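> I would like the atomic coordinates for the input below:
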Amino acid sequence: MLLSLPAPIAPIAAHSLLVFLLQVGSLLLLAVVFGRLAVRFGMPAVVGELLVGVLLGPSLLAWAVPGLHGWLFPAVAEQYHLLDAVGQIGVLLLVGLTGMQMDMRMVRRRGGAAAGVSFGGLIVPLSLGIGAGFVLPKMLIPDGTDITVFALFLGVAMCVSAIPVIAKTLIDMNLLHRNVGQLTLAAGTIDDAFGWFMLSVVSAMAVHAVTTGTVLLSLAYLVLIVVFALTLGRPLARGALRVAAKSEGPGLTVGVVVVLVLLASAGTQALGLEAVFGAFVCGILIGTAGKVDPARLAPLRTVVLSVFAPIFFATAGLRMDLTALIRPQVLLTGLAVLALAIVGKFVGAYAGARLSGLNKWEGLALGAGLNARGVIEIVVAMVGLRLGILSVEIYTIVILVAIVTSLMAPPILRFAMKRLEQTAEEQVRETEHRAWNSQSAASQQEQPL
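Below is the predicted model:
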């Protein structure tokens, strides 16, 4: 009896490959161009990169040249998923690199301040979002959606921060070494962990009645990740990087770091939490336990910041359709929700900072940084749209909040940081961070082909 083997899966079709290559090439080209233009006008590159997707998506290109948009970005799930895959690799590596540059000694020393800022930045916008959910026009809420579930979901969408956007903004503005930058990332991480926990609970409420077991299980997963990182994760990262460091050149170290970040991301994704959470935790482990020579990771940093991250941020805008804001009621509702989101995050983070002993300029900078919702809010909005919790109009409003808050963060950050003198500790940290950029070209040239 002959063994019947399944037919091999056909490779990607020629036309699909052509479209994919044109998509990536176009997005990267425009992301580089608009990123440089943003820098020229005193804004971080991420601002221009985010705008690329908006220009090429339904908001402009599909409206102005529908034929070209339909050919270059066909409404085919498989085609979009190819772009999503490239973008996800980029954002996971970006967040992982950011975690590697976290000064955990400073975070531990000022953990109370980070927790206070995070608490204020969570409670105030969450409360305002829930309240807004109960008073928004009912015609904007999908039929059959429970008002309580809708209000809770809107609150979650308004209280999250966007670690990828915050990280890229801090890197572009050379603020990652500053204490405020480190505290912003620490508080943002707490915000995101709480946000993903709440998202899992509200999503469960939308699908079926939430139980105490569901809530406890999500909390248990968060605790499990932290315990694993502090026990088995640290020696695993240290051992893998110690073996990689014995090789000549940075190649093996880069490969090991990428594997660790991707596997950690897969672990948190499997537990129902967001993959970026695992990438960030893994980055912190590598930075604290691995003692990696920054010059060995300089090539990875160059590729991620110059290629993968711009593609991700450009891709994020392709699903945004801002033409829905033409309707007056949607526009007015959107402006009201945007104002609540901005004020809530600023007031909450500023109050938390002041109560934690930080000065007013530090509070303003933290409020600006945490106010950037970016692609994390976009992910939350997409979940709400998929589950039927959000209508297309409310989805568009949430996207508007994500874009505007991400664009307004850099100038306010710059304004506040000019009034904060750099400390000796920050100068030492800046020197260490510069090592991540330096010698990358030289190290590559020294390696044999």
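
> Got phi/psi on Val76?
Per-residue torsions, Val76: phi -120, psi 120 (degrees, to the nearest 10).

> I figured Thr333 was touching Val135, is that so?
No: counting by C-beta atoms under 8 Å, Thr333 does not reach Val135; the two are 10.3 Å apart. Every residue, glycine included, has its C-beta placed from N, CA and C.

> The two: which is more packed in?
Thr333 (19 against 9; other C-beta atoms under 10 Å).

> helix, strand or coil for that one?
helix (DSSP: H, G, I helix; E, B strand; the rest coil).

> gap between it and Ala14?
Noted for Thr333: a distance of 46 Å to Ala14, by C-beta to C-beta, to the nearest Å.

> now swap in Gly129 and tell me
47 Å.

> quick one: which of the two has more around it?
Gly129 (22 against 8).

> shouldn't that one be in contact with Met158?
Yes: if you go by C-beta under 8 Å, Gly129 and Met158 touch, sitting 3.5 Å apart.

> between those two, what contacts are shared?
With contacts taken as C-beta atoms under 8 Å, 6 or more residues apart in numbering, Gly129 and Met158 have 340-341, 344 as neighbours in common.

> Which member of these is positioned nearest Leu407?
Ala341 (13.4 Å; C-beta to C-beta).

> give me every residue that touches that closest one.
Contacts of Ala341 (C-beta under 8 Å, 6+ apart): 125, 128-129, 158, 373, 401, 405.

> what do you get for Gly116?
Contacts of Gly116 (C-beta under 8 Å, 6+ apart): 352-353, 355-356.

> Now, those that are in helices?
352-353, 355 (DSSP state H).

> List buried residues within those residues.
Buried subset of the ones in helices among the contacts of Gly116 (neighbour count, 16 or more other C-beta atoms under 10 Å): 352-353.

> want to try JSON lines for the ones in helices among the contacts of Gly116, with distance to Gly25 and pLDDT as columns?
Below are the ones in helices among the contacts of Gly116 laid out as JSON lines (distance: C-beta to C-beta, whole Å; pLDDT from 0 to 100):
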{"residue": "Gly352", "distance to Gly25": "44", "pLDDT": "90"}
{"residue": "Ala353", "distance to Gly25": "43", "pLDDT": "89"}
{"residue": "Leu355", "distance to Gly25": "50", "pLDDT": "89"}
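
> TSV for the ones in helices among the contacts of Gly116, including distance to Ala113?
Supplementary listing: those in TSV, determined by distance: C-beta to C-beta, whole Å:
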residue	distance to Ala113
Gly352	8
Ala353	7
Leu355	9
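
> Met100: which of the ones in helices among the contacts of Gly116 is nearest?
Ala353 (25.5 Å).

> remind me which residues of the stretch 101-250 of the chain are low pLDDT?
Filtered on pLDDT under 70, the stretch 101-250 of the chain yields the residue ranges 103, 106-107, 164, 196, 200, 204, 207-215.

> if I pick Ala193, what's in contact with it?
The neighbours of Ala193, taking C-beta under 8 Å, 6+ apart as the test, are 222, 273, 277.

> May I see these organised as JSON lines, with secondary structure added?
Formatted as JSON lines, those follow (three-state DSSP):
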{"residue": "Leu222", "secondary structure": "helix"}
{"residue": "Leu273", "secondary structure": "coil"}
{"residue": "Phe277", "secondary structure": "helix"}
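
> Of those residues, just say which sits nearest to Gln427.
Phe277 (31.0 Å).

> what sits against Ile130?
151-152, 154-155 are the contacts of Ile130 under C-beta under 8 Å, 6+ apart.

> Would you mind listing the two of these that lie farthest apart?
Farthest pair in these, by C-beta to C-beta: Leu152 and Leu154, 7.4 Å.

> Arg296: which of the shared contacts of Gly129 and Met158 is nearest?
Ala341 (40.8 Å).

> Now name the helix or strand holding the closest one.
helix 328-355 (DSSP states H and E).

> so the next helix or strand after that helix versus helix 328-355, what angle?
Downstream of helix 328-355, the first helix or strand assigned by DSSP H and E is helix 360-370. With axes from the mean of the first three to the mean of the last three C-alpha atoms, to 10 degrees defining the directions, helix 360-370 sits at 140 degrees from helix 328-355.

> and for helix 360-370, what are the contacting residues?
With C-beta under 8 Å, 6+ apart, helix 360-370 has contacts from 117, 121, 161, 166, 169-170, 179-181, 183-184, 187-188, 191, 345-354, 358, 408-409, 412-413, 415-417, 419-420.

> Please repeat the previous calculation with a cut-off of 6 Å.
117, 121, 161, 166, 180, 184, 188, 345-346, 349-350, 353-354, 409, 412-413, 416-417, 419-420 (C-beta atoms under 6 Å, 6 or more residues apart in numbering).

> Tell me, how many residues neighbour the closest residue in space to Gly121 that isn't next to it in sequence?
Of all residues not flanking Gly121 in the chain, Ala349 sits nearest, at 4.0 Å (C-beta to C-beta, 6 or more residues apart in numbering). Here the number of neighbours of Ala349 (other C-beta under 10 Å) works out to 33.

> With Leu60 instead?
Neighbours of Leu60 using other C-beta under 10 Å come to 17.

> and the residue nearest to it when sequence neighbours are not counted, what helix or strand is that in?
Leaving out its chain neighbours, the residue that sits closest to Leu60 by C-beta to C-beta, 6+ apart is Val54, at 6.8 Å. Assigned by DSSP H and E, Val54 falls within helix 45-56.

> Tell me the gap between that helix and the middle of its chain.
15 Å (C-alpha atoms, centre = their mean, to the nearest Å).

> Contacts for that helix, please.
30-31, 34-35, 37-39, 168-169, 172, 310, 313-318, 320, 407.

> Just the buried residues of that helix, please?
Within helix 45-56, judged by 16+ other C-beta under 10 Å, the buried ones are 45-54, 56.

> and which of these is nearest Ala229?
Val46 (27.8 Å).

> Let me see the ranges of the helices in the stretch 201-350 of the chain.
212-228, 234-245, 251-270, 275-285, 294-303, 309-316, 328-355 (DSSP state H, counting those that start in this stretch).

> how much distance is there from the longest one to the middle of the chain?
What that stands for is helix 328-355. So, by C-alpha atoms, centre = their mean, the centroid of helix 328-355 is 20 Å from its chain's centroid.

> going forward can the numbers begin at 404, since that is how I track them
Will do, 404 is the new start, and the previous item becomes helix 731-758.

> buried residues in that helix?
Within helix 731-758, the residues that count as buried by 16+ other C-beta under 10 Å are 733, 736-737, 740-741, 743-745, 747-757.

> same question, the third one
Residues of helix 654-673 classed as buried by neighbour count (16+ other C-beta under 10 Å): 655-657, 659-661, 663-665, 667-668, 670-672.

> coming back round to it: neighbour count: Leu555 and Leu557, which is higher?
Leu557 (31 against 22).
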